[in-house]
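> using only what follows, build the 3D model:
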Amino acid sequence: MAAYALPALYAVLVWWFSTGLILLLDHRPRATHGVSMAAGTGVLALALWAIGASAGDASAGGAYVAFTAALVVWGWQEMSYYMGFVSGPRPVGCPAGARGFARFRAAAATSLWHEAAIVAGFLAILALTWGAPNRFALWTYLILWGMNLSARLNLFLGVR
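Residues are numbered from 1 along each chain as shown. Predicted coordinates for the structure are as follows:
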């Protein structure tokens, strides 16, 4: 039982801790966001290095490193978006009364560069894990991306 419970507990704790940290940093005064983003970018570089270093390690330890590093890469994506550093060419809210394709265009313009950064993150992780036995970082990132797309689609369709 512990063989399944410990990794699940680790995943939940690391995921929620990192989410809480990003929310905490995002809710700090705007003047602190530049320092937070610079530090986050340094951690991103370490995470990408860790993904490359763990790609050849098919052990449980390698999976933990890859999972954690992929969460850090994803966390950087979210932090850069929520702090307004990587968003899109439309920095204002959706026009009142926008429906259908107009609403979709406004939403896409708000987060276009963020979506491109997500694709760039995927391509970086794909390149770092290409042909390697440990692709845990890649699958973790893809699952997070899919969950993000699901949440955005639900919001677009009007789920509160």
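> how close does Val92 sit to Pro29?
Distance of Val92 to Pro29, computed by Cβ to Cβ, to the nearest Å: 22 Å. For the C-beta atoms, the positions are set from N, CA and C on the backbone; glycine is no exception.
> contacts for stretch 4-22, please.
Here stretch 4-22 makes contact (Cβ atoms under 8 Å, 6 or more residues apart in numbering) with Ala60, Ala63, Tyr64, Phe67, Thr68, Leu71, Val72, Gly75, Glu78, Met79, Tyr82.
> and the nearest residue to Cys94 once chain neighbours are set aside, what element?
Closest residue to Cys94 apart from its sequence neighbours, by Cβ to Cβ, 6 or more residues apart in numbering: Ala106 at 4.6 Å. Element membership of Ala106, judged by DSSP states H and E, is helix 100-129.
> sort out which residues of that helix are buried, please.
Within helix 100-129, the residues scored as buried using 16 or more other Cβ atoms under 10 Å are 106-107, 109-111, 113-115, 117-118, 121-122, 124-125, 128-129.
> pick out the residue nearest the middle of this structure.
Trp74 (2.1 Å; Cα atoms, centre = their mean).
> how about the contacts of stretch 4-22 in a markdown table, adding neighbour count, pLDDT and secondary structure?
A markdown table is the format used below for the contacts of stretch 4-22 (neighbours: other Cβ atoms under 10 Å; pLDDT from 0 to 100; DSSP: H, G, I helix; E, B strand; the rest coil):
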| residue | neighbour count | pLDDT | secondary structure |
| --- | --- | --- | --- |
| Ala60 | 11 | 94 | helix |
| Ala63 | 19 | 97 | helix |
| Tyr64 | 17 | 97 | helix |
| Phe67 | 21 | 98 | helix |
| Thr68 | 21 | 98 | helix |
| Leu71 | 21 | 97 | helix |
| Val72 | 22 | 98 | helix |
| Gly75 | 21 | 97 | helix |
| Glu78 | 20 | 95 | helix |
| Met79 | 25 | 97 | helix |
| Tyr82 | 17 | 92 | helix |
